[in-house]
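Undergrad: Quick one, what's the 3D model for this:
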Amino acid sequence: MTGRALTNIKRPAEPWRQRLIRSLLYGRNVDRAVKARARVGLAILLFAAIYAVLAGRLVMFAVGADSHGARRAGSQDAIATARPDIVDRNGTVLATDVKSPSLFGEPRRIIDKDEAIELLTAALPDLDEAEARTRLSSRKGFVWLKREITPKQQHDIHKLGIPGIGFLRENKRVYPTGAAVAHLIGLVNIDNQGIAGMEKWLDNNGLADLHRAGFATDRLQRPVELSIDLRVEHALRDELLKAKEKYKAKAASGLVSNVRTGEIVALVSLPDFDPNNPKEAHDPERINRLTTGVFEMGSTFKALTLAMALDSGKANLNTLYDGRGALKFGKFTIHDTHPVGRNITLAEVFTFSSNVGAAKIALAQGVEAHKAFLKKLGQMDRLRTELPESTAPIVPKRWTELNTITASFGHGIAVAPLQAVMGINACINGGLLIPPTFLKRSEEEARAMAKKVLRTETSDKMRYLMRLNAEIGTAKKADVKGYYIGGKTGTSEKVVNGRYSKKQVLNSFTAIIPADNPQYQLLVMLDEPKALPETHGFITSGWNAVPTGGKVIARIGPLLGIEPRFDLPPSDRLILAASRTTQ
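TA: Next up is the predicted model:
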């Protein structure tokens, strides 16, 4: 076949799809050289895109090496989240977060697990080898190996260069004040989640929800301001530690309350613990005795009994009661520690701390009236505060006249000490029952939630009785010159083997500062103090809790801004004369 014939053979027609693609890519009438250059350019572009993706991923791993969010998202291991600072009323930091490295492993990336474990246990002698082996043998992509290691340990492990072993910077909760406010602040677990005290309150009131939503970052959280004054806290704790050691007491506790706002300015319960060492908190002897414990408060409850009688209008300060002998009720006999042997006035019932007189005052009011009054002052129901730890009072299931008799002087009914403080605050602050708080609160806010439970005239008379008791009664050893205090003592015998023991007692002393215009109430409690030569063998409150209270007042008075006043007239002229009535 000739060449001419070959040229006459028709080529098959190009499909229209190919023509469209060729036209879009190269245009019309483009030669092969142009096509080749276009193909090379396209290949270069594809390779550049691939390398850009790889480079971007490497940058993400380099920048986000400490996050490992994807691995943790599918893991049950939690990372410690950020928490707001907790500060006292003056801005002193009580709890804060610091960044601490933690060691993790990625089992799927570890080449030689035995070698890795050997190297890690050499760098971390306290690492649990068996647990680490179990974790690294799992199929997980991420496991914790050791939380909160030191920077030196991190440096030593980093130098080992073990594949699949890395570090995360977590939030670690630290408490700069140590044990000073332990029972109030509480503590957190290894994941920085509150498990007790105000730390748990934070989680229960929105912090946990913020964490889940991803909003609880360091920059988005304001400090939580408490009502506590750390200076007062230190002074109270120091004096209680000294008293506990001096009187060889099993425990000691105390608090300072603002009677006008309900704010708790200081709270101490010994023995306490250091929240930086959480293991101590599991000791059952280290409970918060002021909110978690319930106790028979002894004669401090007589303040409530007398307030009930005065407020009812059925009795006045001069009403007489038979104090010539013991009170017999069925097979029970009620005695006075210091019997007077004559008729005594209502005021003398308070200053002599007469059990017989208090019982007769309560019986004159009636069983139902007594129960109703205690309920009105918040003594019959569980007290709720910001602290999650609280206990319901122990009250008789069937309340009889005998229960009214014993409860009149603080036996047969057990309440949280903070609960009793709330009731006594109402007796001396003008008759307002104000719920206690551990957060800062103004007087206006307190009055908005307060409940009027006593007449103002009743409160005036109770302040008079409290001051009179410091002048001539059982609280004389706490009368610090210049502070015009008032007070009431309490010695309650503890139940041992089903019987009240005269050798094992719980002593309490409550003081108001100053008595003519109360601003604060102090409560001091000593559990099972021992007799000393200087106490002449006595273990009652007036010989230990009262002088301890006096030492506390001398130290905290200036810190609370209470100016000393001297040469003040006695209570009947300064307090009682200002009352609307003396009857």
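Undergrad: tell me the contacts of residue 488?
TA: Contact partners of residue 488, counting by CB atoms under 8 Å, 6 or more residues apart in numbering, are 299-300, 302-303, 350, 353, 424, 466, 469, 474-475, 509-510. Every C-beta, even on glycine, is put in place using the N, C-alpha and C of the backbone.
Undergrad: which among the residues you listed gets closest to residue 121?
TA: Nearest to residue 121 among the contacts of residue 488: residue 509, at 55.4 Å, using CB to CB.
Undergrad: residues near that closest one, how many?
TA: Residue 509: 30 surrounding residues under other CB atoms under 10 Å.
Undergrad: Same question for residue 521.
TA: Tallying neighbours of residue 521 according to other CB under 10 Å, which is how burial is gauged here, yields 25.
Undergrad: And for the one 4 residues further on?
TA: A total of 30 residues lie near residue 525 under the criterion other CB under 10 Å.
Undergrad: and residue 435, which of the three is it?
TA: Local secondary structure at residue 435 is given as coil here, using DSSP: H, G, I helix; E, B strand; the rest coil.
Undergrad: and the gap between it and residue 384?
TA: 8 Å (CB to CB, to the nearest Å).
Undergrad: Low-confidence bits of this protein, can you list those?
TA: Along the chain, segments meeting pLDDT under 70 span 1-14, 16-35, 38, 57-80, 206-221, 578-583.
Undergrad: can we see that at 80?
TA: Within the chain, the ranges that satisfy pLDDT under 80 run 1-42, 53-81, 139, 170, 206-221, 498, 577-583.
Undergrad: Confirm that residue 512 sits in a strand.
TA: Yes. Residue 512: assigned to a strand according to three-state DSSP.
Undergrad: Wait, it touches residue 464, no?
TA: No. Between residue 512 and residue 464 there is no contact under CB atoms under 8 Å: 11.3 Å.
Undergrad: Looking at residue 435 and residue 384, which is more packed in?
TA: Neighbours were tallied for residue 435 and for residue 384 using other CB under 10 Å; the higher tally belongs to residue 435 (15 against 10).
Undergrad: Could you measure from the more buried one over to residue 136?
TA: For residue 435, the distance to residue 136 under the criterion CB to CB works out to 52 Å.
Undergrad: got it, and residue 173?
TA: Separation of residue 173 from residue 136 (CB to CB) stands at 28 Å.
Undergrad: try residue 94
TA: To residue 136, residue 94 is 39 Å away according to CB to CB.
Undergrad: same check, this time on residue 415
TA: Residue 415 sits 53 Å away from residue 136, going by CB to CB.
Undergrad: do the same with residue 104
TA: Taking CB to CB as the criterion, residue 104 is separated from residue 136 by 11 Å.
Undergrad: again, but for residue 382
TA: In this view, residue 382 and residue 136 are 48 Å apart by CB to CB.
Undergrad: Repeat that for residue 264.
TA: 48 Å.
Undergrad: The two: who's more crowded?
TA: In this comparison of residue 264 against residue 136, neighbours counted by other CB under 10 Å, the higher total goes to residue 264 at 26 against 21.
Undergrad: Touching, that one and residue 257? I think so.
TA: Yes. With contact defined as CB under 8 Å, residue 264 reaches residue 257; the gap is 5.7 Å.
Undergrad: just to revisit the earlier point, in strands, which of the contacts of residue 488 appear?
TA: The members of these that map onto strands under DSSP state E are 509-510.
Undergrad: Now the buried members of the contacts of residue 488.
TA: When burial is judged by neighbour count using 16 or more other CB atoms under 10 Å, the buried members of the contacts of residue 488 are 299-300, 302-303, 350, 353, 424, 466, 469, 474-475, 509-510.
Undergrad: what's in contact with stretch 340-348?
TA: 306, 309-310, 315-325, 352, 354, 357, 361, 465, 468.
Undergrad: Mind checking which of the residues you listed land in strands?
TA: When those are checked against strands (DSSP E), the matches are 320-323.
Undergrad: Put together TSV for the residues you listed, with distance to residue 517 and neighbour count on each row.
TA: TSV is the format used below for these (distance: CB to CB, whole Å; neighbours: other CB atoms under 10 Å):
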residue	distance to residue 517	neighbour count
320	31	14
321	30	20
322	35	12
323	32	23
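Undergrad: In a markdown table: the residues you listed, plus distance to residue 41.
TA: Shown next, in a markdown table, are these (distance: CB to CB, whole Å):
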| residue | distance to residue 41 |
| --- | --- |
| 320 | 115 |
| 321 | 111 |
| 322 | 116 |
| 323 | 113 |
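Undergrad: Tell me the one among these nearest to residue 54.
TA: Nearest to residue 54 among the ones in strands among the contacts of stretch 340-348: residue 321, at 94.3 Å, using CB to CB.
Undergrad: I'd guessed the closest one sits against residue 362; true?
TA: No. Proximity of residue 321 to residue 362 does not meet the contact threshold set by CB under 8 Å, at 10.8 Å.
Undergrad: if you go through the stretch 101-250 of the chain in chain order, where are the helices?
TA: Counting by DSSP state H, counting those that start in this stretch, the stretch 101-250 of the chain forms helices over residues 113-123, 129-136, 151-160, 182-185, 197-202, 208-213, 230-246, given from the N-terminal end onward.
Undergrad: Name the residues contacting each of residue 104 and residue 136.
TA: 143, 145.
Undergrad: any chance you could map the strands in the stretch 451-583 of the chain?
TA: For the stretch 451-583 of the chain, the strands defined by DSSP state E, counting those that start in this stretch occupy 451-452, 486-496, 499-513, 520-527.
Undergrad: For residue 232, give me its contacts.
TA: Taking CB under 8 Å, 6+ apart as the contact definition, residue 232 lies against 256, 265-266, 556, 559-560.
Undergrad: ditto for residue 198
TA: Contacts of residue 198 were listed using CB under 8 Å, 6+ apart, and they are 86, 184-186, 224, 226, 386-387, 438.
Undergrad: same for the strand or helix carrying residue 363, what does it pack against?
TA: Take DSSP states H and E as the rule and residue 363 turns out to sit in helix 355-365. Helix 355-365 sits against helix 302-312, strand 320-323, strand 327-329, strand 332-334, helix 346-351, helix 401-408, with contacts defined as 3 or more CB pairs under 8 Å, 6 or more residues apart in numbering; DSSP states H and E.
Undergrad: Relative to the whole chain's centre, how far out is it?
TA: Put simply, helix 355-365 sits 38 Å off its chain's centre (CA atoms, centre = their mean, to the nearest Å).
Undergrad: In it, which of the residues would be classed as buried?
TA: Within helix 355-365, the residues that count as buried by 16+ other CB under 10 Å are 355-363, 365.
Undergrad: ok, those vs residue 451, which is closest?
TA: Set against residue 451, the nearest of those by CB to CB is residue 365 (20.5 Å).
Undergrad: My guess is the closest one contacts residue 308. True?
TA: Yes. With contact defined as CB under 8 Å, residue 365 and residue 308 form a contacting pair (5.9 Å).
Undergrad: shared neighbours, these two?
TA: Between them, residue 365 and residue 308 share the neighbouring residues residue 373, with contact defined by CB under 8 Å, 6+ apart.
Undergrad: hang on, the earlier thing: other residues contacting the helix or strand just after the helix holding residue 363?
TA: For helix 355-365, the succeeding helix or strand toward the C-terminus, using DSSP H and E, is helix 367-376. In this structure, residues lying in contact with helix 367-376 by CB under 8 Å, 6+ apart are 304, 308, 311-312, 362, 365, 380-381, 399-401, 403-404, 407-408, 413, 433, 453.
Undergrad: which of these count as buried?
TA: Taking 16+ other CB under 10 Å as the criterion, what is buried in those is 304, 308, 311, 362, 365, 380, 399, 403-404, 407-408, 413, 433, 453.
Undergrad: Any chance of those residues in CSV with distance to residue 337 as columns?
TA: Rendered in CSV, the data for those read as follows (distance: CB to CB, whole Å):
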residue, distance to residue 337
304, 19
308, 22
311, 27
362, 18
365, 23
380, 27
399, 26
403, 21
404, 20
407, 18
408, 15
413, 20
433, 30
453, 30
